[in-house]
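[1] sequence and predicted structure below; questions after.
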Amino acid sequence: MAVEPTRWGIIYNPKAGSRKAQKRWKEMLDYMESRQVQYDYVQSEGFGSIERLARTMANNGYRTIVVVGGDGAINEAVSGIMSSDVSDKGDIALGIIPNGIGNDFARYWGLEFSDYKGAIDVLINRRLRKVDVGVLNYVEGEKQVMRYFVNALYIGLGARIVRITNGTRRFWGIPLLSYLASLVLVAFERKLHRMHLKVNGEHIRGNMMTVAIGSCRGYGLTPSAVPYNGWLDMSLVYYPELKQLISGLWMLQKGRLLNHKIVKPYRTRKVKVLRAQNAEISLDGRILADKHFPIEVSINPEALTLIIPN
């Protein structure tokens, strides 16, 4: 059955099963009805299902796919679109209604969790922009695996913060408390990882706390990155003393992290990570379950069409 070109395919990722979240979702539906939006929607069933749903929507002819969720949900939707059978992925427009714990990518474009009506109006206005997509490649057995990201990939401490935040969120239930709890824990942990990277022809070896590779601002660790210039920004964070870590967190909040003496920035189109001993990896707030080094990180310029504000 053919899908009307103007019909949205919406994937709703519940932020929580609370009554408040359900009420907010109903208000979104009511507002879309009042604006006479044509849509079909499905609700995700947990981690991994959004990628499958986005791929199915793309293969079934939807050319506007809307994600109601946070950074992790957006990441899965991008992966679903990029792995679909559609020959020209750029024909599919991705829209965002922020509804997650982490909404860093949405905030970059001026979309706020508190203003779902504004986000829906942006989708109706339909201003399109081509944006870059980061690509992670590695070999698993005899299979070539590709994963995607639009904000940032973390290796080491950054991914550790993601894991702790996701875990404490279930306990605290409040995003800010979860994030602060994870910062307190890693402030005393400060674990180092023996790494070997190749960037712009240069081999970099040493003990590092974290590596951030961003197509966008990457939660502040790649503050100069923009998702439409065809480049990746990379920040290498070496071992800080506790005082340096505290000052680094302050500079992170002020957007001045690249000025810190324990941070070494790069701009590149490709990064090869040959070794990252005992380091976790996250993409846009999602932990990569299986790590297979070496991995290669590259940029696919203007591979995705995004609906953005005026």
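    Good, I have the coordinates.
[2] ok, the nearest residue to residue 291 once chain neighbours are set aside - contacts?
    Distance criterion C-beta to C-beta, 6 or more residues apart in numbering; nearest residue to residue 291, sequence neighbours excluded, is residue 281 at 5.7 Å. No exception for glycine: its C-beta is placed from N, CA and C like everyone else's. Contacts for residue 281 were tallied using C-beta atoms under 8 Å, 6 or more residues apart in numbering; they are 153-155, 159, 287-288, 291, 295.
[3] change it to 6 Å
    Listed by C-beta atoms under 6 Å, 6 or more residues apart in numbering, the contact set of residue 281 reads 155, 159, 288, 291.
[4] ok, residue 74 next?
    67, 105.
[5] residue ranges in this protein under the pLDDT threshold?
    1-2, 15-18, 162-190, 240-260 (pLDDT under 70).
[6] ranges for the helices of the chain?
    For the chain, the helices defined by DSSP state H occupy 19-34, 49-59, 71-82, 104-108, 116-125, 157-172, 175-189, 242-253.
[7] what's the angle from the third one to helix 49-59?
    In this structure, helix 71-82 runs at an angle of 30 degrees to helix 49-59, with axes from the mean of the first three to the mean of the last three C-alpha atoms, to 10 degrees as the basis.
[8] gap between helix 71-82 and the chain center?
    Mean C-alpha position of helix 71-82 versus that of the full chain (C-alpha atoms, centre = their mean, to the nearest Å) differs by 8 Å.
[9] one more: the second one?
    With C-alpha atoms, centre = their mean as the basis, the distance from the averaged C-alpha position of helix 49-59 to the chain average is 17 Å.
[10] over to the fourth one?
    Taking the mean of its C-alpha atoms, helix 104-108 sits 9 Å from the chain's own mean (C-alpha atoms, centre = their mean).
[11] got a list of contacts for it?
    Contact with helix 104-108 is made by 71, 74, 96, 98, 150-151, 216-217, 219, as judged by C-beta under 6 Å, 6+ apart.
[12] let me know the closest of those to residue 90.
    Of all the contacts of helix 104-108, residue 90 sits closest to residue 150, with 14.3 Å by C-beta to C-beta.
[13] in contact with that closest one, which residues are there?
    Here residue 150 is in contact with 78, 105, 215 (C-beta under 6 Å, 6+ apart).
[14] at 10 Å what do you get?
    Counting by C-beta atoms under 10 Å, 6 or more residues apart in numbering, residue 150 makes contact with 71, 74-75, 77-79, 94, 105, 108, 131-134, 214-216, 227, 283-284, 303-304, 306.
[15] repeat for residue 230
    132, 215, 269, 299-302.
[16] between all of those, which two are separated the most?
    Among the contacts of residue 230, 269 and 302 lie farthest apart (C-beta to C-beta), at 13.5 Å.
[17] so residue 225 sits against residue 216, correct?
    Yes: with contact defined as C-beta atoms under 10 Å, residue 225 reaches residue 216; the gap is 5.6 Å.
[18] got any residues that touch both of those two?
    The contact sets of residue 225 and residue 216 overlap at 108, 132, 134, 151-152, 233 (C-beta under 10 Å, 6+ apart).
[19] how many residues are close by residue 45?
    11 (other C-beta atoms under 10 Å).
[20] partners of the nearest residue to residue 224 once chain neighbours are set aside in the sheet?
    Closest residue in space to residue 224, ignoring its immediate chain neighbours: residue 233 at 5.7 Å, by C-beta to C-beta, 6+ apart. Taking DSSP bridges, one obtains residue 214, residue 267 as the residues bridged to residue 233.
[21] same deal with residue 194?
    Here residue 194, judged by DSSP bridges, has bridge partners residue 207.
[22] for residue 119, see how far away it is.
    43 Å (C-beta to C-beta, to the nearest Å).
[23] sorry, back to before: what's the PyMOL line that selects buried ones from the contacts of helix 104-108?
    One line in PyMOL is enough to select the buried members of those, burial here meaning 16 or more other C-beta atoms under 10 Å:
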select buried, resi 71+74+96+98+150+151+216+217+219
